[in-house]
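Asks: Let's see this in three dimensions:
(one chain, ligands or ions: 1)
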Amino acid sequence: MPGWRNVTNVAVSLGTNAGNREANLSAMLTELRRILDDPLAFSRVMETEPVDVPDSQVWFLNVIVSGNYAGNAHELLCDCRTIEHALLRKRPFKNAARTADVDILLYGRESIGSNELTVPHPQIANRRFCLEGLRRIAPGRYIAAHGQTVAELYERMPASIKQQRIIFHGMPDQSYFTME
Ligand code: AMP
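Replies: Numbering: from 1, shown residues only. From the prediction side, this is the model:
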């Protein structure tokens, strides 16, 4: 059918806690806008305390983005890795500070468990910023692994997760989309 494309609504998490965080976030958002189509939705910019990291690290800037993607989940993973590489992400050791972290949180309503991809993302309910961002842009999305919607997971967030510290900033504005 001419002009017809099969698209899937996806949610992606962006994070950066090394180098120039604002510039890194700008670059990630600009690249994501090239691969995701409307309806695009963005969470606020959240500055979050690193969780489960082996050393003392700078806080992250995080944004959750949802939009339509015209490809399969492994193609989306490939696009996420390309964005990380473009920002010179290095992996000196597990959970090292990083210029760019682009993770797939949701791919439609699919549950995927392959060698290189787990969707919904296994940490989705363990990271407060994920639930804070998703509840604004995909509250009704059902997370099969937890048998609950995003809104329900948010409402029932355990105290241990709720205590992860976040400074809420504004929506990503035009200044975040000006990178060439
Ligand atoms: P990270 O250290 O968070 O960048 O994750 C590294 C690897 O996790 C990636 O190269 C992927 O193969 C794998 N992975 C598994 N599930 C996901 C997911 N939902 N989103 C992104 N990466 C994932």
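
Asks: lowest-pLDDT helix or strand in the chain?
Replies: Every helix and strand of the chain was ranked by mean pLDDT, DSSP states H and E. The lowest is strand 142-143, at a mean of 92.

Asks: quick check, distance from that one to the centre of its chain.
Replies: Computed by C-alpha atoms, centre = their mean, to the nearest Å, the separation of strand 142-143 from the middle of its chain amounts to 16 Å.

Asks: Also stretch 32-45?
Replies: The answer for stretch 32-45 is 11 Å, by C-alpha atoms, centre = their mean.

Asks: Now do that stretch: everything it contacts.
Replies: 7, 10, 12, 14, 25, 29, 61-70, 76, 79, 83, 102, 132-134, 136-138, 168-172, 176-177 (C-beta atoms under 8 Å, 6 or more residues apart in numbering). From N, CA and C alone the C-beta is placed, and that goes for glycine too.

Asks: Of those, which belong to strands?
Replies: With DSSP state E as the criterion, strands contain 10, 12, 14, 61-69, 102, 168 from among the contacts of stretch 32-45.

Asks: What is the nearest of these to the ligand?
Replies: Among those, Val102 lies closest to the ligand (C-beta to the nearest ligand atom), at 7.1 Å.

Asks: So which elements touch the least confident helix or strand of the chain?
Replies: strand 148-149 (3 or more C-beta pairs under 8 Å, 6 or more residues apart in numbering; DSSP states H and E).

Asks: What is the subsequent helix or strand relative to the strand it packs on?
Replies: helix 150-155 (DSSP states H and E).

Asks: so what does that next one touch, helix or strand wise?
Replies: Contacts defined by 3+ C-beta pairs under 8 Å, 6+ apart place helix 150-155 against helix 128-137.

Asks: So which other helices or strands are in contact with the helix it packs on?
Replies: Using 3+ C-beta pairs under 8 Å, 6+ apart, helix 128-137 is in contact with strand 8-16, strand 37-42, strand 46-48, strand 60-69, strand 101-107, helix 150-155, helix 159-162, strand 166-168.

Asks: Just to check, Phe60 is in contact with Val53?
Replies: No: look at Phe60 against Val53 with C-beta atoms under 8 Å: they stay out of range, at 9.7 Å.
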